[in-house]
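**Student:** Need a 3D model of the sequence below.
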Amino acid sequence: MDSKKLSTSVLLNIKELINTKKKILLVSHYSPDGDAIGSSLGLYYFIKDILSKDCVVYNRDGIPNYLSFLGADEIIHDSIETLPKDFDLAIILDLNDFERTGSEMSNYLDLTIKDNDLPIIVIDHHENNKIENSEATYIDTDASSTGVLVYRLIKQFPEITNESVKSKISTCLLTTIITDTSSFKNSNVNPETFEICKELLSMGGDLETLNKSIFNNGEIKRLQLRNKIYSTLDFNEELKTAICHSTDSFYDETGTTKEDSEGIANSLLNYSDVEIGIFIREIGTDKWKISLRSNGFKDLSDFAGRFGGGGHKNASGFRFDGKIQILIEGIIKELKNG
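**Tutor:** So this is what the prediction gives:
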């Protein structure tokens, strides 16, 4: 069976599973981005408002402020304690490892699957799936976002006629593509990406609100934060790699949050002599979150895997415990090793 027929077969299986269930849990990864939130909410609005089924969205960290325009403040649960009971289906979105849901949800899923035989569906576009015993797994690493996969799934159902709901779903899925492709700059963009965007816009996707909310909502304090971050810039000319970092004090001194430093790694690629952009953010005492971005010159998924992380060829990440200087030295050493 060729890949297109296999994809359609999996989608039809997922469609059948959804149609036969009554109460569905949607889960995405912690530290959510536009793809995690947009794909979750797009599918939520479809299941709840079009299929008229009970549906609940969980994300340990809730919704970032810059995505609040998607109208999810009262929809997303960020605690196991507030979750309803007796789900008969869980759909895992934009992740391939239960651990990335957070320890509470990871334990909840493990126990629920074991004790109650809760069927799991995985929908993702990352490599190295670590979720076993799922009822259905739909992974396409060539898709520009998980939202693209949700779009394909929704297209298996009858056409949506409710214009208001159609617009909400389209805006959510458009958000997944715009954010995960860095506004069509990444190499994961393909002809299908633009075809789906065209369709989502014709369905009422609100690109104007999306752009204003994500890209034009900064205050001057955000610029002050970025000035501090860029002041730490270290450029390795041999490796064509730019590295910068932030500490908790940067945010305290400027009155900003971690969301105000979103996109730093990508921004380093705006310069012609930079092939790899790396942003390191402090997340605790001697604890760091590392974001890696490339213009296609190196497989960052493989590179991040050496540090226990992962992701895509051009956008990956990992976490590190230890002194930042040791971290940076380790990154440079591994880059030199090829």
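**Student:** The closest residue to residue 68 other than its chain neighbours: neighbouring residues, count only.
**Tutor:** Spatial nearest neighbour of residue 68, excluding adjacent residues (CB to CB, 6 or more residues apart in numbering): residue 213 at 7.6 Å. Every C-beta, even on glycine, is put in place using the N, C-alpha and C of the backbone. Residues within reach of residue 213, counting by other CB atoms under 10 Å, total 17.
**Student:** all strands for the stretch 1-150 of the chain, in order.
**Tutor:** Along the stretch 1-150 of the chain, counting by DSSP state E, counting those that start in this stretch, strands occupy 23-28, 54-58, 76-77, 89-93, 120-124, 136-139.
**Student:** got the contact list for the longest one?
**Tutor:** I take that to be strand 23-28. 18, 36-37, 39-40, 43-44, 47, 53-59, 83-84, 86-95, 101, 105, 109 (CB atoms under 8 Å, 6 or more residues apart in numbering).
**Student:** got the buried residues for that strand?
**Tutor:** 24, 25, 26, 27, 28 (16 or more other CB atoms under 10 Å).
**Student:** lowest-confidence helix or strand of the chain?
**Tutor:** strand 310-311 (a mean of 82; mean pLDDT, DSSP states H and E).
**Student:** so how far is it from its chain's centroid?
**Tutor:** The chain centroid and the centroid of strand 310-311 are separated by 11 Å under CA atoms, centre = their mean, to the nearest Å.
**Student:** Show residues contacting it.
**Tutor:** Residues outside strand 310-311 that contact it (CB under 8 Å, 6+ apart) are 126, 127, 128, 292, 300, 301, 304, 316, 317, 318.
**Student:** how many neighbours does the fifth one have?
**Tutor:** Just to be clear, that refers to residue 300. Look at residue 300: counted by other CB under 10 Å, it has 25 neighbours.
**Student:** dump the residue contacts of the closest residue to it other than its chain neighbours.
**Tutor:** Leaving aside its sequence neighbours, residue 300 sits nearest to residue 316 (CB to CB, 6+ apart; 4.1 Å). By CB under 8 Å, 6+ apart, the contact list for residue 316 reads 292, 300, 301, 303, 304, 309, 310.
**Student:** The helix or strand where residue 267 lies packs against which elements?
**Tutor:** Using DSSP states H and E, residue 267 maps to helix 264-267. For helix 264-267, the packing partners by 3 or more CB pairs under 8 Å, 6 or more residues apart in numbering; DSSP states H and E come out as strand 276-284, strand 287-294.
**Student:** Rebuild the ones you listed as JSON lines, extending it with distance to residue 259 and mean neighbour count.
**Tutor:** Shown next, in JSON lines, are those (distance: least, CB to CB, whole Å; neighbours: other CB atoms under 10 Å):
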{"stretch": "strand 276-284", "distance to residue 259": "11", "mean neighbour count": "20"}
{"stretch": "strand 287-294", "distance to residue 259": "13", "mean neighbour count": "22"}
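**Student:** Out of these, flag the one nearest residue 151.
**Tutor:** Nearest of the helices and strands packed on helix 264-267 to residue 151, taken as CB to CB: strand 287-294 at 24.7 Å.
**Student:** who does that closest one touch, helix- and strand-wise?
**Tutor:** Using 3+ CB pairs under 8 Å, 6+ apart: strand 287-294 touches helix 264-267, strand 276-284, helix 300-305, strand 315-321, helix 324-336.
**Student:** on that earlier part again, need the CA coordinates for the helix holding residue 267. CSV is fine.
**Tutor:** Presented in CSV, the C-alpha positions along helix 264-267 are these (Å, rounded to 0.1, in the frame of the first residue of the first chain):
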residue,chain,number,x,y,z
ILE,A,264,14.7,34.4,19.5
ALA,A,265,16.4,31.4,17.9
ASN,A,266,14.6,31.9,14.7
SER,A,267,15.5,35.6,14.6
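**Student:** Kind regards, and thank you for your time.
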